[in-house]
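[1] dropping a prediction and its sequence here:
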Amino acid sequence: MSVYLPIMLDCRGRRCVVIGGGAVAERKVAGLLEAEAAVVVISPSLTEPLAELAAQGLLDYQQRRYAPGDAGGAYLLYAASDDIAVNEAAAAEAKHLGIPVNVASHAEAGSFITPGVIRRGRLTVAVSTSGAGPAAAKHIKETLEEVLGAELEPYLDWVHAMRMEIKRTVPSPEMRGRLLRKLASLDTLTQMRQETFTEWTPAAIASWIAENSRGNLGLETE
Ligand SMILES: C[C@@]1(CC(=O)O)c2cc3[nH]c(cc4nc(cc5[nH]c(cc(n2)[C@H]1CCC(=O)O)[C@@](C)(CC(=O)O)[C@@H]5CCC(=O)O)C(CC(=O)O)=C4CCC(=O)O)c(CCC(=O)O)c3CC(=O)O
Ligand SMILES: NC(=O)C1=CN([C@@H]2O[C@H](COP(=O)(O)OP(=O)(O)OC[C@H]3O[C@@H](n4cnc5c(N)ncnc54)[C@H](O)[C@@H]3O)[C@@H](O)[C@H]2O)C=CC1
């Protein structure tokens, strides 16, 4: 069994090439566009939704079959045609160039696989069964979706704003760590879920930081 390393990859503006324009390519393209990649699709045909994206100029569509050289300059390659030999050739080319490649028809020919993804604003949850059962991964993802509430989005926006403020005003790394761990243990998420949360004013934020940094001589006060 392959033990895959989960990582979060910044693909903004990166050239990501998808070979094939069918139902599977459609899913991979959706994930890439969500991550703001510069998507190139090479395929003789496209599904209706992919053709719509191409018409809107959201992806670079090259209407033709895969040809050697297509992996060149790619940040990621997805071999998602229904022709195993084509997927294999594209994967071999990518591997030769050291480009990470996903192979839809037989995962073991590639170097990475695609998880099911849940997003709640800044939160991303990726579910993989290491390829054991893609439909099972989808089902587990749907089960998790039910417990991950919409309040996680404003909660993480709040955590982010607080963290930025703590990083801006607290010079001591030890004290910042203490404050950030304390922040994570507050019941803000529950309050947001129960709709009892009231926004912290800049003065309230400053006094929370001051109160919880007692003994920290490095704290900048205004
Ligand atoms: C290894 C992997 C490689 C990769 O594609 O990256 C792969 C491979 C294959 N999938 C196959 C079939 C199906 N795939 C799905 C669905 C999804 N497949 C996804 C990922 C992955 N699929 C990677 C492993 C993920 C993991 O670690 O678990 C998801 C999670 C993400 C996505 O694709 O975006 C997405 C759900 C999206 C969502 O959450 O909604 C369904 C269900 C459905 O369509 O409803 C079926 C039919 C039922 C079944 O077979 O289980 C076949 C057989 C083809 C054949 O035999 O003809 C192969 C080939 C092989 O086994 O090597
Ligand atoms: N990884 C996954 O999640 C899944 C993988 N699969 C497998 O993935 C493959 C694709 O499945 P679908 O998208 O449903 O097939 P599909 O038949 O809907 O689409 C295949 C696409 O490949 C294109 N194509 C064919 N030859 C090509 C070439 N030489 N160069 C470029 N493009 C070419 C076709 O024009 C078409 O757009 C199949 O092998 C299938 O068994 C199927 C289900 C899920």
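    All right, it came through fine. Ligands and ions are numbered 1, 2, ... in the order given.

[2] what sits against the nearest residue to Glu145 once chain neighbours are set aside?
    The shortest distance from Glu145 to any non-neighbouring residue, by C-beta to C-beta, 6 or more residues apart in numbering, is to Ile118 (5.5 Å). From N, CA and C alone the C-beta is placed, and that goes for glycine too. Residues in contact with Ile118, defined by C-beta atoms under 8 Å, 6 or more residues apart in numbering, are Thr124, Val125, Ala126, Val127, Lys141, Leu144, Glu145, Leu148.

[3] the domain parsing of this protein - what is it?
    Domain assignment for the chain by automatic domain parsing gives 15-114, 115-148, 152-212.

[4] deepest-packed of those domains, please.
    Highest mean neighbour count of the domains of the chain: domain 15-114, a mean of 18 (counted as mean count of other C-beta atoms under 10 Å).

[5] one step back: reformat the contacts of Ile118 as a markdown table; add secondary structure and pLDDT.
    Below are the contacts of Ile118 laid out as a markdown table (DSSP: H, G, I helix; E, B strand; the rest coil; pLDDT from 0 to 100):
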| residue | secondary structure | pLDDT |
| --- | --- | --- |
| Thr124 | strand | 98 |
| Val125 | strand | 98 |
| Ala126 | strand | 98 |
| Val127 | strand | 98 |
| Lys141 | helix | 98 |
| Leu144 | helix | 98 |
| Glu145 | helix | 98 |
| Leu148 | coil | 97 |
